[in-house]
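> fold the following, please.
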Amino acid sequence: MKGKFITLEGIEGSGKSTSLEDIANVLDKNSINYILTKEPGSGSLGNDLRSLLLNNDNKISGEVELLLMMADRKNHLDSLVIPNLNNGNWVISDRYLDSTYAYQGGGREMDFALIDGLSNSLNFPAPDLTILFDLPVEIALERAKQRANLDRFEKEPIHFHDRIRNTYRFRAGEDSKRIKIVDSSVGFQEVKDQVVNIISQFLNE
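Purely as a prediction, here's the structure:
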């Protein structure tokens, strides 16, 4: 039986990565085989592409950024995601296609139709479930600053991140069956409870 594909989305500092362990714990308790992965950077070419995309010294256009993201994603799918799904393993990915709509479509204000065309022509599969970690941009960026040195995306002005958040929320409204929103502005335990509840409900469907 084919595995399930679950993606985590959100603006910088929204708490996606810290919830991976909570999801893994639920899957472990249910004896589900899975892998944890992320974008950009987890395919066989991932480290090089991730460095190109996140390095503050790189000055690249929105179009080049989009194509690099799509190249990384195609490589990620071909080398890791799809083989695992076909082998019956679940795949939990920190970021996927919704990030491109939010960051390049919303943040860079690129035409969504271009992203649609690329993703359709490359046969990108839709996730079975997406968890969107949502919180005000100001709080998210403050958390990102406390976490580590800011990358090329994190250093963008606040209106860039506002457009990203708004795009995420719009997509969640358009596809509420797949995309479940977590209020990431609350405390750690409350975020964990929301995530565990979403995963548990998905398992029971």
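> by mean pLDDT, which helix or strand of the chain comes out lowest?
helix 46-54 (a mean of 66; mean pLDDT, DSSP states H and E).
> and whatever helix or strand comes next after that helix, average pLDDT?
Counting by DSSP states H and E, the element after helix 46-54 in chain order, helix or strand, is helix 62-76. Averaged over helix 62-76, pLDDT sits at 89.
> which parts of this structure are helices?
16-29, 46-54, 62-76, 82-86, 97-100, 112-121, 137-147, 158-174, 188-204 (DSSP state H).
> packing partners of the last one?
Spelled out, it's helix 188-204. helix 16-29, strand 129-134, strand 179-183 (3 or more Cβ pairs under 8 Å, 6 or more residues apart in numbering; DSSP states H and E). Bear in mind the C-beta positions are built from the backbone N, C-alpha and C, glycine included.
> identify, out of these, the most deeply packed stretch.
strand 129-134 (a mean of 22; mean count of other Cβ atoms under 10 Å).
> can you tell me what sits against that strand?
4-10, 14-16, 19, 96, 98, 165, 168-169, 172, 178-185, 191, 195, 198, 202 (Cβ atoms under 8 Å, 6 or more residues apart in numbering).
> quick one, phi/psi of the most centrally placed residue in the chain?
Nearest to the mean C-alpha position of the chain, counting by Cα atoms, centre = their mean, stands Arg95 at 1.7 Å. Torsion angles at Arg95 (phi, psi; degrees, to the nearest 10) stand at phi 90, psi 150.
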